[in-house]
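Visitor: Give me a 3D structure for the following:
(chains A and B)
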Number of protein chains: 2
Amino acid sequence: MNKIILLKKQPFGKPSLHDFEFSTEEMPTPKDNELLLKTVYVSVDPYLRGRMSDAKSYIPAFELNKAIQSGIIAEVIDSHHADFKKGDFVSSNLEWKEYQISNGKGLVKVDENEAKLSSYLGILGMTGLTAYLGLMEVGLPKKGETLVVSGAGGAVGSVVGQIGKLQGCTVVGITGSDEKVSLLTSQFNFDQAINYKTTPNLKAAIRTACPNGVDIYFDNVGGEISDAVLSNINKYARLPVCGAISLYNETEIQMGPRLQPILLTKSATMRGFIIGDFAEKFPAAIKQLTAWLKDDKIAFSETIVKALIIFLRHLLICLMGKTKEK
Amino acid sequence: MNKIILLKKQPFGKPSLHDFEFSTEEMPTPKDNELLLKTVYVSVDPYLRGRMSDAKSYIPAFELNKAIQSGIIAEVIDSHHADFKKGDFVSSNLEWKEYQISNGKGLVKVDENEAKLSSYLGILGMTGLTAYLGLMEVGLPKKGETLVVSGAGGAVGSVVGQIGKLQGCTVVGITGSDEKVSLLTSQFNFDQAINYKTTPNLKAAIRTACPNGVDIYFDNVGGEISDAVLSNINKYARLPVCGAISLYNETEIQMGPRLQPILLTKSATMRGFIIGDFAEKFPAAIKQLTAWLKDDKIAFSETIVKALIIFLRHLLICLMGKTKEK
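Guide: Below you'll find the model as predicted:
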């Protein structure tokens, strides 16, 4: 039997195990022009929380009692398709199943010899592209500027900071543990990092860390952390909004200080984006990221959890670990 | 004696007459390379409220016990300066004095035959430029899009809507009286206008008025009106923040729904600006506005109050009339 993970009900607030179902189905068989894929790596991302609710968003909600989908690296096990052969590895948005059939549409071949397979879900996949294009296209970094990144210890944030350094910026990260603070400065080339959980006055700490003010704020979290950064922005600041992790599990509309007055007085630009907005720039971005990776100019960390049943717990840890403590 | 208007103390909340002083000083006399100006028109604008407080802003605060400054049209009464002669009219940022000395720096000659003098403080001055450049450079209107303008009955808003129509947009204005609603649709070419004071569900009213959603929101007011518009924006919406009139007289930081989630899900851009950000585009903008004016493609309204002592009351009416009712 094939193993699959379904969304059983829409989570209210923080997701729990009861919202999911670990199930089985008949083993699928490929027909002509189809291929059989075996899942190798599944990408488990904070944005999936949004797809589990039916609030209008940039991508449709998951359907109940159907398999969840996300970025997956799979191995071709059996091919009746001219473009793919047994042993190929592919990347695509696929279903959370151990095995699945594909007609080849949307599959991108990935090369194990060029970079390790999991990196195509990370630094050379959605998170790397999000970091690169969000910073370069929305953040518009200039040499000598100050970049602040929230959610800096995350897959996107840690890459944003490193690209900021490569662009000649001073980079300050905000994160939620001392361990991540030391990782950011030792491994990811950040100039400074702040643990917001142990910093009593975040606004003042950012002011101290950014004596020339904040020119770019790459926002992964929203909420009070962002309020503290915004009170330190410079004239003409750019504020790419990449995520609002602190708000994802909230069940009511969250209130905060109105932003219009500060955007107005600073002639600042706050722009939300998703990576699909820049689809035409993917090839150039992947080329640049691959080059940096080969030159050891960008480090990245991965959390890999083995075995299909464990995905689910990983998902929950990932989503829950990033929500605000109540 | 020369008549002048000073800022006596910083208003707290709504300004009152006690915050100002109507005073006199010795009549000034121009020396070599100087000229004597007589004030003809004074521009009284909502942004002046910001300069009356010492909160950090995009322009410095007015100094206490000194004359207030704003855009002024003046007549050259006596000239010892090679570039100006008696009878010339000039526009500049000048002091609220009946007469004043200038060394010519920053004065721009204006032509009574090209357009009436007061228009150089309005449609061909700061308000017209703000409307034109804010819409064209930040709003980026495209034919067939829907533009919503708040503060639509104001000097800037009424011009924004007309320029939006000239760009092929559907234009909906939000304003605070039935009189202005009818003015917007009859005189200023808006497709529809909404009186927010008599509309119980503004969010629903905007949805009805904009069946295709809102592509551009030119925001003059901030606050709850803007919340209602934001809940109706389309993917890739542009949100020029030109003013936050509803917040100008507030003494505490105002709270509202957090904007990051909606900017994120809509890949929308909110950008504050002041007209000085686009200084290099002024000549082209004035040329275009003058052409539209001559072709009767843009109408504008002026509120002109005579006599120097009355400026003050006008100022208060202007500033007070636009604040939120408590």
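Visitor: okay, the nearest residue to A:Lys3 once chain neighbours are set aside: pLDDT?
Guide: Leaving out its chain neighbours, the residue that sits closest to A:Lys3 by C-beta to C-beta, 6 or more residues apart in numbering or on different chains is A:Glu98, at 4.3 Å. (Each C-beta comes from the backbone N, C-alpha and C, glycine too.) The score at A:Glu98 is 91. That number is its pLDDT.
Visitor: what do you get for A:Lys3?
Guide: On the pLDDT scale, A:Lys3 is placed at 89.
Visitor: Then A:Arg313?
Guide: With respect to pLDDT, A:Arg313 has a value of 46.
Visitor: Which residue is the nearest non-sequential neighbour of the most centrally placed residue in chain A?
Guide: Centroid-nearest residue in chain A: A:Thr127, 4.5 Å away (criterion: C-alpha atoms, centre = their mean). Spatially, and ignoring its direct neighbours in sequence, A:Thr127 is nearest to A:Ala155 (4.1 Å; C-beta to C-beta, 6+ apart).
Visitor: Go ahead and confirm that neighbour touches A:Leu124.
Guide: No - between A:Ala155 and A:Leu124 there is no contact under C-beta atoms under 8 Å: 12.0 Å.
Visitor: And A:Thr130, how close does it get to A:Gly154?
Guide: Computed as C-beta to C-beta, to the nearest Å, the A:Thr130 to A:Gly154 distance reads 10 Å.
Visitor: swap in A:Pro60?
Guide: The spacing between A:Pro60 and A:Gly154, counted by C-beta to C-beta, is 24 Å.
Visitor: who's more crowded, those two?
Guide: Using other C-beta atoms under 10 Å in any protein chain shown, the more surrounded residue of A:Pro60 and A:Gly154 is A:Gly154, with 27 against 9.
Visitor: For stretch A:108-119, which residues meet the burial criterion?
Guide: Neighbour-count burial for stretch A:108-119, counted by 16 or more other C-beta atoms under 10 Å in any protein chain shown, picks out A:110, A:115, A:117-119.
Visitor: related to what we said a few turns ago, tell me who's in contact with the residue nearest to A:Lys3.
Guide: A:2-4, A:38-39, A:308 (C-beta atoms under 8 Å, 6 or more residues apart in numbering or on different chains).
Visitor: from these, which would you call buried?
Guide: Buried subset of these (neighbour count, 16+ other C-beta under 10 Å): A:3-4, A:39.
Visitor: what's the longest strand along chain A packed up against?
Guide: Taking DSSP state E as the criterion, chain A has its longest strand at strand A:69-79. Contacts defined by 3 or more C-beta pairs under 8 Å, 6 or more residues apart in numbering or on different chains; DSSP states H and E place strand A:69-79 against strand A:35-42, strand A:89-95.
Visitor: Report the mean confidence score over the longest one.
Guide: For strand A:35-42, the per-residue pLDDT values average out at 93.
Visitor: right, and A:Ile77 touches A:Gln100 too?
Guide: No - using C-beta under 8 Å as the test, A:Ile77 is too far from A:Gln100 to be in contact (10.2 Å).
Visitor: before we move on, the earlier item: so how far is the host helix or strand of the residue nearest to the centre of chain A from its chain's centroid?
Guide: Here A:Thr127 sits within helix A:126-133, counting by DSSP states H and E. Its chain's C-alpha centre and that of helix A:126-133 lie 8 Å apart, by C-alpha atoms, centre = their mean, to the nearest Å.
Visitor: Show me what it is packed against.
Guide: With contacts defined as 3+ C-beta pairs under 8 Å, 6+ apart, the packing partners of helix A:126-133 are helix A:155-166, helix A:282-294.
Visitor: List the buried residues of that helix.
Guide: Buried, per 16+ other C-beta under 10 Å, within helix A:126-133: A:126-133.
Visitor: A:Val305: what secondary structure?
Guide: Reduced to three states with DSSP: H, G, I helix; E, B strand; the rest coil, the structure at A:Val305 is coil.
Visitor: Quick one, grab the pLDDT at it.
Guide: According to the prediction, A:Val305 has pLDDT 74.
Visitor: residues in contact with whichever residue of the stretch 101-250 of chain A sits closest to chain B?
Guide: Taking C-beta to the nearest C-beta, chain B has its nearest neighbour within the stretch 101-250 of chain A at A:Gly222, 4.1 Å off. With contact set as C-beta under 8 Å, 6+ apart, A:Gly222 has these partners: A:241, A:243-247, A:254, B:258, B:260-261.
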